[in-house]
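Visitor: next one to model:
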Amino acid sequence: MKQLLSARFTLLIFIVVAALYSSWLLGFLLDPSTAQYGLASDLEYPGHPYYWVFILSDIFVGVSLTLIVAMMQVRLKRKFWSWLWAPILLGLLLFGLLSATSADSPLTCEPGYIRVCLTIGHHKLGPDSVESTLASAGLFISLVSAGIVSWRLRLNRYLGWLTWLTTIFWLASAVLFVRAADINRHLHNVQQLLLSATAIAILIIGLNVYAILQKDQPDF
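Guide: Numbers count the residues shown, from 1 in each chain. Down below sits the predicted model:
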């Protein structure tokens, strides 16, 4: 019973994280003009209405995912570093930490700013873009790893298919976002698609973690 409650509590945190990551939807109520025509990161820009709500949401995403990883490390002990768990949880940790740190990062490269800036082609990426890109890489690693584990352990067949469909959906959204950024057209619409795909991916990872916990039954 304790193991089942722990698995359900972990899944509940994943649901909360997905909801927090979807806080940009509140922008249509709190800052309609920015939400309709700008990027989600614009909602966090100081001076915008309720910008602190969106910053706190990203920070809570990072804190919540870090909490999940810490809980799993305590529960799994040595199994934490197994092929089954390590890629999923470390990918989540990378995604969570960088989502939190990007909340207060400048959108452009400011003189003397200590965080990394990159230039790709003719695009200069500010710290927010760099950290968001690395965070997305962490999420992708976690999602793909969850799909592999689901297949190897022969978990719920429908969950396995849903995991791979979500992976394809997320990857297609990411490619479309990069393309939209390159041509500078429909960027905010495509970003909203990517943000939605990311929230779904968080839920799918949570469902896989829940299913693995039920099957693996590690000691708490």
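Visitor: what's around Trp83, how many residues?
Guide: Trp83 has 10 neighbouring residues, counting by other CB atoms under 10 Å. Bear in mind the C-beta positions are built from the backbone N, C-alpha and C, glycine included.
Visitor: tell me where the model's unsure across the protein.
Guide: Counting by pLDDT under 70, the low-confidence segments of the chain come to 1-5, 104-129, 216-220.
Visitor: which stretches of the protein form strands?
Guide: Assigned by DSSP state E, the strands in the chain fall at 118-120, 123-125.
Visitor: can you give me the helices for the protein?
Guide: Along the chain, the stretches classed as helices by DSSP state H are 2-21, 27-30, 32-37, 51-76, 86-101, 127-152, 157-183, 187-216.
Visitor: from the chain's centroid, how far away is the shortest one?
Guide: Taking CA atoms, centre = their mean, to the nearest Å, one finds helix 27-30 lying 21 Å from the centre of the chain it belongs to.
Visitor: elements contacting that helix?
Guide: Judged by 3 or more CB pairs under 8 Å, 6 or more residues apart in numbering; DSSP states H and E, the packing partners of helix 27-30 are helix 32-37.
Visitor: quick one: list the elements packing against the helix it packs on.
Guide: helix 27-30.
Visitor: got the contact list for the helix it packs on?
Guide: For helix 27-30, contacts defined as CB atoms under 8 Å, 6 or more residues apart in numbering pick out 34-36, 40, 43, 49-50, 53-54.
Visitor: excluding sequence neighbours, find me the nearest residue to Lys215.
Guide: Of all residues beyond its chain neighbours, the one nearest Lys215 is Leu153 (5.9 Å), with distances taken as CB to CB, 6 or more residues apart in numbering.
Visitor: what's the burial count for Leu12?
Guide: 12.
Visitor: hang on, I meant Phe28
Guide: With other CB under 10 Å as criterion, Phe28 counts 12.
Visitor: repeat for His48
Guide: Neighbours of His48 (other CB under 10 Å): 17.
Visitor: what sits closest to it if chain neighbours are left out?
Guide: Using CB to CB, 6+ apart, the closest residue to His48 is Asp31 (5.5 Å).
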